[in-house]
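Visitor: Sequence plus predicted model, see below.
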Amino acid sequence: MDDAAWVEIFELRRPFLTGLAYRMLGSRADAEDVVQDVFVKWLGTDRYAVDNPAAWLTTVCTRRCLNELESARRARTEYFGMWLPEPVQGSGAQSPEQEAELACSLSTAFLLLLERLAPKERAAYLLHEIFGLGHAEVASAIGVREEACRKLVSRARVNIGRPVARQHVPPHRQQSLLHAFRHAISTGQTDLLSGLLAEDVVLAADGGGKVAAIATPLSGRETVLGFIATSLSAWWRGYAWEETTINGSHGALLRSGGVLEAAVSFSYDSQGCATGIYVVRNPDKLASLSLGGVA
């Protein structure tokens, strides 16, 4: 088998590896770095000795992510303000059904839930619950016994509090929320938006200490609406809006003078009301939005 064939084997697995690494790390840039490291290791290994290339690549990627996650968690204790996952634009979905599933496991709200988990819990949960690997495969990938793997998955379910919601908010409902949010920003009037927000809605922003952003999340419908009607409306009224898919659901990119200033995404409850409004302003996290979707 020539080198091109070995590269093709890897490229067929790349979307899976990128999707896994992104969910593990919450960063598209870091995920791309991990996958590139896996590629280099793949080219340097005795590939004829690898019985199952997919399993080998999954194992190497998972363990590399576990090492990165330990370092990232230490760094996040010193992060300025609220840490939010790096947004990804678009979707790797090939069908409406796939798009709905992606929206469940790519949402900012779900990625924040994953932050509750210890690194191996996170890896076990993702590989088993999201990517559908068997307990034996997962155990091999993270380097534990199968019984221990089952306990990790079970404990992760408890720590997260509930399984990933399989109900996808209809696109027209997402569109209504996005338009009402934009209307509130443009006019300072929140009547349309009010009925689309959950009572306990949270607005969180991530500036990374590099641009202005609220340092702590705002909670409660009236508090959030007041902030949107006054502060956000005054700051963002002149921004150009681009509606797009962010982390699997309807969102928006906001620009000023051609410069990307913010990415906005939402989370929802079972009634389709917004439970979270997430604003990423950290320029480092906005830099990789053009790379496309995550599978």
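Guide: That came in fine, so what should we check first? If you're wondering where the values come from, they're calculated on a predicted model, not measured in any experiment. Numbering: from 1, shown residues only.

Visitor: tally of neighbours for residue 265?
Guide: Residue 265 sits with 27 neighbouring residues when counted by other Cβ atoms under 10 Å. For every residue, glycine as well, the C-beta is placed using N, CA and C.

Visitor: pretty sure it is in a strand, no?
Guide: Yes. Checked against DSSP: H, G, I helix; E, B strand; the rest coil, residue 265 lies within a strand.

Visitor: Does it touch residue 247 like I think?
Guide: Yes. The pair residue 265 / residue 247 is scored as a contact, 5.3 Å apart, by Cβ atoms under 8 Å.

Visitor: Tell me who's in contact with residue 251.
Guide: Residue 251 makes contact with 87, 178, 243-245, 263-266, according to Cβ atoms under 8 Å, 6 or more residues apart in numbering.

Visitor: tell me the SS of it?
Guide: strand.

Visitor: In this structure residue 119 contacts residue 64, no?
Guide: No. Applying Cβ under 8 Å as the test, residue 119 and residue 64 come out as separate, 11.8 Å apart.

Visitor: For those two, work out which one has more neighbours and name it.
Guide: residue 64 (20 against 17).

Visitor: give the contact list for that one.
Guide: Residues near residue 64 by Cβ under 8 Å, 6+ apart: 21, 34, 37-38.

Visitor: Kindly recompute the last result at 6 Å.
Guide: By Cβ atoms under 6 Å, 6 or more residues apart in numbering, residue 64 lies in contact with 34, 37.

Visitor: element containing it?
Guide: Assessed by DSSP states H and E, residue 64 sits inside helix 53-76.

Visitor: Export that helix to PDB, keeping only CA atoms.
Guide: The C-alpha coordinates for helix 53-76 follow below in PDB (Å, rounded to 0.1, in the frame of the first residue of the first chain):
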ATOM      1  CA  PRO A  53      -6.900   1.700  11.900                       C
ATOM      2  CA  ALA A  54     -10.100   3.400  13.100                       C
ATOM      3  CA  ALA A  55      -9.700   2.100  16.600                       C
ATOM      4  CA  TRP A  56      -6.000   3.000  16.600                       C
ATOM      5  CA  LEU A  57      -6.700   6.600  15.500                       C
ATOM      6  CA  THR A  58      -9.500   6.900  18.000                       C
ATOM      7  CA  THR A  59      -7.200   5.800  20.800                       C
ATOM      8  CA  VAL A  60      -4.400   8.100  19.900                       C
ATOM      9  CA  CYS A  61      -6.700  11.000  19.500                       C
ATOM     10  CA  THR A  62      -8.600  10.400  22.800                       C
ATOM     11  CA  ARG A  63      -5.400  10.100  24.900                       C
ATOM     12  CA  ARG A  64      -3.900  13.200  23.300                       C
ATOM     13  CA  CYS A  65      -7.100  15.000  24.200                       C
ATOM     14  CA  LEU A  66      -7.000  13.700  27.700                       C
ATOM     15  CA  ASN A  67      -3.500  15.200  28.100                       C
ATOM     16  CA  GLU A  68      -4.600  18.500  26.600                       C
ATOM     17  CA  LEU A  69      -7.700  18.700  28.700                       C
ATOM     18  CA  GLU A  70      -5.700  18.400  31.900                       C
ATOM     19  CA  SER A  71      -3.600  21.400  30.900                       C
ATOM     20  CA  ALA A  72      -6.600  23.300  29.600                       C
ATOM     21  CA  ARG A  73      -8.400  22.900  32.900                       C
ATOM     22  CA  ARG A  74      -5.500  24.400  34.800                       C
ATOM     23  CA  ALA A  75      -5.400  27.300  32.500                       C
ATOM     24  CA  ARG A  76      -9.100  28.000  32.800                       C
END
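
Visitor: Now do it, average pLDDT.
Guide: Mean pLDDT, helix 53-76: 91.

Visitor: again, but for stretch 153-172
Guide: Here the average pLDDT along stretch 153-172 is 77.

Visitor: Could I get the pLDDT score of residue 90?
Guide: Note on residue 90: pLDDT of 64.

Visitor: which residues in the stretch 51-200 of the chain form strands?
Guide: Taking DSSP state E, counting those that start in this stretch as the criterion, the stretch 51-200 of the chain contains strands spanning 197-206.

Visitor: Could you name every residue contacting both of residue 265 and residue 247?
Guide: Contact criterion Cβ under 6 Å, 6+ apart; residues shared by residue 265 and residue 247: residue 108.

Visitor: Would you mark the buried spots in the helix holding residue 64?
Guide: Buried residues in helix 53-76, defined by neighbour count with 16 or more other Cβ atoms under 10 Å: 56-62, 64-66, 68-69, 72.
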